[in-house]
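*Asks:* One predicted model, sequence on top.
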Amino acid sequence: MIREKEYNIPNTFGLKARARHFVEYASEADLLSLLPVEGPVLHMGAGSNLLFMGDYEGTVLHSAITDITPTEGPAGEVLLRVGSGVTFDHLVEHCIRQGWHGLENLSLIPGEVGASAVQNIGAYGVEACQSIHCVEGVMLDTGARFSMPTAECRYAYRQSIFKQELRGRVAITYVTFRLSREFRPQIGYGGIRQAMAEQGLDEHTLTPEALRSIIIGIRRRKLPDPDVQGNAGSFFMNPIVERSLYEDILRRWPQAPHYDVDATRVKIPAAWLIEQCGWKGRAMGHAAVHAIQPLVLVNMGGATAREILALCQAVQQSVEERFGICLQPEVNIIHSHPTMLP
Ligand code: EPU
């Protein structure tokens, strides 16, 4: 177990923020021995989806549980129980090496396994919840342990019970993934099909390794590397709106893209809305809207959290004024003291 005071919190925006206390636990027993924690608590993963508005005046918890245990599941499936502190991309790589399939499209997503189950991370036509079998954790107030089957986790687009009713109340210790020994690639995303065509591959000749390298290629082309330019991936969620609102938009912008969600709702790419408002590549202070993927806000070097938040709010205001749509941040905004939390 690691305990630090006044600890610099790692975060991919590259912002300076310190935790009054930082505790990293390596097992469930370690975690239970810490509870109850006095004062405000924030449980974090790798800091790749967080915007710290200042120092955190409480305890930051981090999981360093990293064991991975496979068991045989039904129908040629593997149930893989994975510690919440495992780096998600290491898991993807490990599974491909072992011949366990389902996570290939989630290659190179930053962050750790625990957060993947909170955020329901997704990319290129696949969401984590499609492979999650159950989530284990501990209630931070009582120390009670739980194991929640996927059906109870209320998964939806970038949503889960852990971001809603249980927000801030649990520590996830293990996530069990249900993976297949058979490779059934998800190649519906246009960019994947295009790359396959360029490489002369079809669904029969595509290997898991080739799919992973196609995904990595697309991400590297479109998304800024946080080691070079601070960012937290998509800053906003793609809004899901009533079809009637989308039809109003279509009358003025006949090219407006969308994905069908159900009979009454569509998802509109926030990147398109932001680009229409003229924000693509624009800076405000030391923060900017990324020039290739406008859904990403970047720290151009020396940005403050306030500058990034001011840019977020300016973008939200423009999109609201122009389209009547309120963009919701996907990034979690962490205020110094929980009394300021929404
Ligand atoms: N678009 C524009 N202008 C641009 C870029 C994109 O209009 O400059 C429009 C295009 O219509 C394009 C559409 O936006 O077809 C979608 O763009 P893209 O495929 O790049 O994905 P996205 O919807 O912007 C989402 C996820 C990403 C994920 C990609 C790929 C969210 C919030 N973001 O972005 O996830 O990698 O799809 O599946 O859902 C993340 O969560 O951090 C993340 C990067």
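*Replies:* Perfect, I can see it now.

*Asks:* can you map out the strands along the stretch 101-250 of the chain?
*Replies:* Taking DSSP state E, counting those that start in this stretch, the strands of the stretch 101-250 of the chain run over residues 122-123, 126-127, 132-139, 145-149, 170-180, 230-234, 240-242.

*Asks:* Show me the one of these that comes nearest Pro74.
*Replies:* Pro74 lies closest to strand 170-180 among the strands of the stretch 101-250 of the chain, at 9.4 Å (Cβ to Cβ). For glycine as for every other residue, the C-beta is placed from the backbone atoms N, C-alpha and C.

*Asks:* Show me how far the closest one is from its chain's centre.
*Replies:* Strand 170-180 sits 15 Å away from the centroid of its parent chain (Cα atoms, centre = their mean, to the nearest Å).

*Asks:* which outside residues touch it?
*Replies:* 28, 31, 43, 61, 63, 65, 73, 76-84, 91, 95, 100-103, 113-114, 116-118, 131-140, 146, 162 (Cβ atoms under 8 Å, 6 or more residues apart in numbering).

*Asks:* just the angle between it and strand 132-139, please?
*Replies:* Angle, strand 170-180 to strand 132-139, by axes from the mean of the first three to the mean of the last three Cα atoms, to 10 degrees: 160 degrees.

*Asks:* Tell me the buried residues in strand 170-180?
*Replies:* Under the neighbour-count criterion of 16 or more other Cβ atoms under 10 Å, strand 170-180 has Val170, Ala171, Ile172, Thr173, Tyr174, Val175, Thr176, Phe177, Arg178, Leu179, Ser180 buried.

*Asks:* For Arg20, which residues are in contact?
*Replies:* Arg20 makes contact with Lys5, Glu6, Asp55, Tyr56, Glu57, Gly58, Thr59, according to Cβ under 8 Å, 6+ apart.

*Asks:* swap the cut-off to 6 Å and go again
*Replies:* Glu57 (Cβ atoms under 6 Å, 6 or more residues apart in numbering).

*Asks:* what does Cys129 give?
*Replies:* Asn120, Tyr155.

*Asks:* Could you rerun that using 7 Å?
*Replies:* Asn120, Thr150, Tyr155 (Cβ atoms under 7 Å, 6 or more residues apart in numbering).

*Asks:* how much space between it and Glu203?
*Replies:* Computed as Cβ to Cβ, to the nearest Å, the Cys129 to Glu203 distance reads 24 Å.

*Asks:* Let me know how buried the closest residue to the ligand within the chain is, in neighbour terms.
*Replies:* Nearest residue of the chain to the ligand: Gly233, at 2.5 Å (Cβ to the nearest ligand atom). Using other Cβ atoms under 10 Å, Gly233 is surrounded by 22 other residues.

*Asks:* Just to check, it is in contact with Val296?
*Replies:* Yes. Counting by Cβ atoms under 7 Å, Gly233 touches Val296, with 6.4 Å between them.

*Asks:* Which neighbours do the two have in common?
*Replies:* What both Gly233 and Val296 touch, as defined by Cβ under 7 Å, 6+ apart, is the set Leu223.

*Asks:* Would you mind listing which of the contacts of strand 170-180 are buried?
*Replies:* 28, 31, 43, 61, 63, 65, 73, 77-84, 91, 95, 100-103, 113-114, 116-118, 131-138, 140, 162.

*Asks:* I'd like to know which elements the longest helix that the chain contains is packed against.
*Replies:* Counting residues, the longest helix found in the chain (DSSP state H) is helix 305-323. If you count contacts as 3 or more Cβ pairs under 7 Å, 6 or more residues apart in numbering; DSSP states H and E, helix 305-323 packs onto strand 50-52, helix 270-276, strand 283-284, strand 287-289, strand 296-299.

*Asks:* Thanks a lot, catch you later.
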